[in-house]
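Novice: Fold the following for me, if possible:
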Amino acid sequence: MGVVVYLSGLGLGVCAHKPPTPIPDKHITTHITQKWASFTYISKEISYITNIFKRMDLTNTFHTTHTLANLLTHKDQAHDKFSLSGVYKLTCPDCHKMYVGQTGRQFSTRYKEHKTAWCNHSTTSNFAQHLIEEAHSFGPMNNIMETVHCCKKGAHLNTIEKFHIHSESI
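Specialist: Presented below is the predicted three-dimensional model:
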């Protein structure tokens, strides 16, 4: 037991109930604390900000929100798929012809526009125009509308829509 106490740095006096005598440490190190600042790299402007912090003796670190885990996991934030926007497919309930379209608004809003065009015999919707010309019925949203791809409006959405139109026509 005396060896364990001695190696722990308390000395042999602990076993004899004497006050411990510390063993002098020949390698005294000073602990220097560094101040850190962490940044999410967004654009070139972050470089200007980090240079200011460097002049103040702060060490800078960078991180990104585009990690592999974030890119591979699908986070469904909306519980109702029709409250999102993107590319959708409408299927005629009578002849099963399909119409692929896109919207930057909610799918449910676009569905209502197609239904309003059908009710008013308007030509503002190609899908409604098909139903009117062929005297087909207009079904409920859950039966005739399918969300193909959810994303926000933009050039990417146009490309996705064209892809799905092409894949449905093959």
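Novice: What's the mean pLDDT across the helix or strand hosting Ala117?
Specialist: Assessed by DSSP states H and E, Ala117 sits inside helix 107-119. Helix 107-119 shows a mean pLDDT of 95.
Novice: Which SSE is immediately downstream of it?
Specialist: Following helix 107-119 in sequence order, the next helix or strand is helix 126-134 (DSSP H and E).
Novice: May I see the buried residues of that following helix?
Specialist: Within helix 126-134, the residues that qualify as buried are Phe127, Ala128, Gln129, His130, Leu131, Ile132, counting by 16 or more other C-beta atoms under 10 Å. Every residue, glycine included, has its C-beta placed from N, CA and C.
Novice: so how far is the longest helix along the chain from its chain's centroid?
Specialist: Counting by DSSP state H, the longest helix found in the chain is helix 155-169. On the basis of C-alpha atoms, centre = their mean, to the nearest Å, helix 155-169 sits 22 Å off its chain's mean C-alpha point.
Novice: which residues are in contact with it?
Specialist: Gly86, Val87, Lys89, Met98, Val100, Gly101, Gln102, Gly104, Val148, His149, Cys151 (C-beta atoms under 8 Å, 6 or more residues apart in numbering).
Novice: May I ask which of those has the most neighbours?
Specialist: Using other C-beta atoms under 10 Å as the contact criterion, the top neighbour count among these goes to Val87, which has 24 neighbours.
Novice: Measure how the strand or helix carrying it sits relative to helix 126-134, angle-wise.
Specialist: Element membership for Val87, per DSSP H and E: strand 86-91. Following axes from the mean of the first three to the mean of the last three C-alpha atoms, to 10 degrees, one obtains 10 degrees for the angle between strand 86-91 and helix 126-134.
Novice: which helices and strands does strand 86-91 pack with?
Specialist: strand 98-103, helix 107-119, strand 145-150, helix 155-169 (3 or more C-beta pairs under 8 Å, 6 or more residues apart in numbering; DSSP states H and E).
Novice: Of the ones you listed, give the one that comes closest to Ser43.
Specialist: With distances scored as C-beta to C-beta, the stretch of the helices and strands packed on strand 86-91 nearest to Ser43 is helix 155-169 (19.8 Å).
Novice: hang on, the earlier thing: take the strand holding Val87, keep the C-alpha atoms, and write them as CSV.
Specialist: As requested, the backbone C-alpha atoms of strand 86-91 are provided in CSV (Å, rounded to 0.1, in the frame of the first residue of the first chain):
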residue,chain,number,x,y,z
GLY,A,86,-43.0,21.4,-55.5
VAL,A,87,-43.9,19.0,-58.4
TYR,A,88,-47.2,17.2,-58.3
LYS,A,89,-49.2,14.8,-60.5
LEU,A,90,-52.9,14.8,-61.2
THR,A,91,-54.6,11.7,-62.5
